[in-house]
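Trainee: Generate coordinates for the sequence data below:
(chains A, B, C and D)
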Number of protein chains: 2
Amino acid sequence: MDDMDVVYKYYWENMILQTEQLGRNFDESFSFYDSSSPDGAQSSAASKNIESERKRRQKLTETLHALRAVVPNISKMDKASIIKDAICYIQQFHNQERMIQAEISELESKRSIFLDFDQEISYNSKPKRSRFEQTCDSAKSRSSPIEVFEVGL
Amino acid sequence: MDDMDVVYKYYWENMILQTEQLGRNFDESFSFYDSSSPDGAQSSAASKNIESERKRRQKLTETLHALRAVVPNISKMDKASIIKDAICYIQQFHNQERMIQAEISELESKRSIFLDFDQEISYNSKPKRSRFEQTCDSAKSRSSPIEVFEVGL
DNA sequence: GATCACACGTGAGTC
DNA sequence: TGACTCACGTGTGAT
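Mentor: Numbers count the residues shown, from 1 in each chain, chains lettered A, B, ... in the order given. All right, here's what the predicted structure looks like:
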């Protein structure tokens, strides 16, 4: 992966160098044409257009470079591949987030069950008597009080 | 945001339509040149090159389109802006993940403190005697055994 | 009407 | 060598 980075760095630096060199050459050629051309205004407009187009291309390349820096595990160095890897990366994040969300919602539903149970116990105006109390009640209606402890324990 | 989507959809469809139309026109013009050119092989090679280049461009555009579909909150429809938004999106994810990681590590450190405390209690070869035991010891050394219960309680 | 973003064909370079 | 990628200048449509 480190070798890949080195190769990639060399690749992009080479590309940028090449671009700059070509751009300088093109600038020189155009300035030369400007000085010799009878119609200077049109040529300067064309030159401006060329310049802006070059800026636009450069910006896009830099942006792509930044994208590449943000996304790990870039397999290939093509523009399309970089974007594809970014897409896969984002989709991985989405899957991860969805799993976490599912887990959270599952826990939430469980917690709500517990909450319902708690509410039934604590907020009920007539809470159910515990099993021991019920046993006591049923024992009280009988004759022998001993039975209370026998059943209650 | 919905308007944005519609505009974007129209924008891209228009672009694709325009591209297809231009491509067809270019194909026709090139096939025409092929039939009239004396050197058919070279021209067909050029045509093939043009075709493959068009495929490559189209692939990149589609990939960018897919990226746009994956990333929410696209502000502008430029290619560069799409990539920029994707970068911001990924960076948001990274920040989120880093925060969660920090939270987890914080909890882990707290848990390790508790673990150290537990280990000190359970794994110590000579555990400290409880306060009640100490009291018993000090009471045993005295005369009256009654005092044990008085102090112990 | 100037500007912007785009797709185009083309030549150069890499593998 | 042939397939592939890239940056270039250019023409065009939209804003």
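Trainee: any idea of the mean pLDDT in the longest helix seen in chain A?
Mentor: Looking across chain A with DSSP state H, the single longest helix is helix A:79-122. Per-region confidence: helix A:79-122 scores 84 on mean pLDDT.
Trainee: Wondering if it reaches DNA strand C at all.
Mentor: No. For a cut-off given as Cβ under 7 Å from any atom of the strand, helix A:79-122 has no contacts with DNA strand C; the smallest distance is 11.8 Å. No exception for glycine: its C-beta is placed from N, CA and C like everyone else's.
Trainee: Do that helix and DNA strand D come into contact?
Mentor: Yes. Using Cβ under 7 Å from any atom of the strand, helix A:79-122 comes into contact with DNA strand D via A:79, A:80.
Trainee: Report the separation between residue A:106 and DNA strand D.
Mentor: 44 Å (Cβ to the nearest atom of the strand, to the nearest Å).
Trainee: That residue: how many residues sit nearby?
Mentor: Residues near residue A:106, counting by other Cβ atoms under 10 Å in any protein chain shown, number 10.
Trainee: tell me the domain boundaries of chain A?
Mentor: Recorded structural domains for chain A (assignment: the TED database) are A:8-23+A:52-70, A:74-121.
Trainee: re earlier: now do the longest helix of chain A against helix B:79-122, angle only.
Mentor: For helix A:79-122 against helix B:79-122, the angle between stretch directions is 50 degrees (axes from the mean of the first three to the mean of the last three Cα atoms, to 10 degrees).
Trainee: Now whichever residue of chain A sits closest to DNA strand C: which helix or strand?
Mentor: Proximity of chain A to DNA strand C (Cβ to the nearest atom of the strand) peaks at residue A:52, 4.6 Å away. Element membership for residue A:52 (DSSP states H and E) is helix A:40-70.
Trainee: angle of that helix against helix A:79-122?
Mentor: 50 degrees.
Trainee: Give me the mean pLDDT for helix A:40-70.
Mentor: Averaging pLDDT along helix A:40-70 yields 88.
Trainee: can it be found next to chain B?
Mentor: Yes. Contact between helix A:40-70 and chain B, assessed by Cβ under 8 Å from any Cβ of the partner chain, occurs at A:56, A:59, A:60, A:63, A:64, A:66, A:67, A:70.
Trainee: Most neighbours among the residues you listed, please name it.
Mentor: residue A:67 (23 neighbours).
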